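Enquirer: Mind folding the following:
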Amino acid sequence: KKRTGGRHGGTLTSKNVPYTRTGDAGSSSLFSGQRRRKDHALFACMGDVDELCSIVGVAHALLIERGGGGGPYGGLSGELLDVMSRLFDIGAVVARIPGKKAPTRKEDDDFELDFVPSLEKWIDTMTEELPQLEAFLLPSGSVLSAQLHVCRTVVSLETIQRNLFSS
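Expert: Sure, this is the predicted structure:
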């Protein structure tokens, strides 16, 4: 019988498909080959990172619809793409937590933190351009502005960290 799912293709296509048919019994595989229950904190962490990346993607799409990030938006388009790329990196590293089939981490699995100073500089620069906050902000102004508030609130980095460190 021909295998289907994932890199083996689907029933009707030979292309990679987003299902593997190996998780129907309540467990799933990490990139390391180790199987864990689907309710394991690592999968919650990967799901949170993926959700945040998708939400940032919606903000980026709205920005592109508004002209691509020039004018009052400066380099926001490129910064959002960079954030999404770093989120994918984080998800890949989490999925490579060493297991029985991968007892040690490979050098290429190491997560580079080079982007942190540039991210902090970007935050500082944008903060400097804003008036001093004296009250809570309502998520309003434009659809793009409201979506950026969703990015900030729907999946907090604290939730991702909590799921990662509880695993």
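Enquirer: And the average pLDDT for stretch 51-69 is what?
Expert: When pLDDT is averaged along stretch 51-69, the result is 88.
Enquirer: in it, what's buried?
Expert: 52-53, 55-57, 59-60, 62-63, 66, 69 (16 or more other Cβ atoms under 10 Å). Any C-beta I mention is one placed from the backbone N, CA and C, and that applies to glycine too.
Enquirer: and the residues you listed, which two are the farthest apart?
Expert: 52 and 66 (21.5 Å; Cβ to Cβ).
Enquirer: quick one: low-confidence parts of the chain?
Expert: Low-confidence segments of the chain, defined by pLDDT under 70, span residues 1-9, 17, 19-24, 69-72, 98-112, 167.
Enquirer: Break down it into its helices, ranges please.
Expert: According to DSSP state H, the chain carries its helices in the segments 41-65, 76-95, 115-128, 143-153, 157-165.
Enquirer: Does anything pack onto the second one? Which helices or strands?
Expert: I take that to be helix 76-95. Taking 3 or more Cβ pairs under 8 Å, 6 or more residues apart in numbering; DSSP states H and E as contact, the helices and strands that helix 76-95 lies on are helix 41-65, helix 115-128.
Enquirer: how about TSV for the ones you listed, with distance to residue 14 added?
Expert: Formatted as TSV, the entries for these read as follows, by distance: least, Cβ to Cβ, whole Å:
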stretch	distance to residue 14
helix 41-65	25
helix 115-128	37
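Enquirer: Looking at the ones you listed, which is nearest to residue 160?
Expert: With distances scored as Cβ to Cβ, the stretch of the helices and strands packed on helix 76-95 nearest to residue 160 is helix 41-65 (4.8 Å).
Enquirer: Distance from the closest one to the middle of the chain?
Expert: Between the centre of helix 41-65 and the centre of its chain there are 5 Å (Cα atoms, centre = their mean, to the nearest Å).
Enquirer: now what about that helix, what contacts it?
Expert: Outside helix 41-65, the residues within contact range by Cβ atoms under 8 Å, 6 or more residues apart in numbering are 28, 30, 36, 69, 73, 76-77, 80-81, 83-84, 87-88, 90-91, 94-95, 97, 143-144, 147-148, 150-151, 154-155, 159-160, 163-164, 166-167.
Enquirer: Can I have the buried ones of these as a ChimeraX selection?
Expert: In ChimeraX syntax, the buried subset of those is picked out as below (16+ other Cβ under 10 Å):
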select :28,30,36,69,76,77,80,83,84,87,90,91,94,95,97,144,147,148,151,155,160,163,164
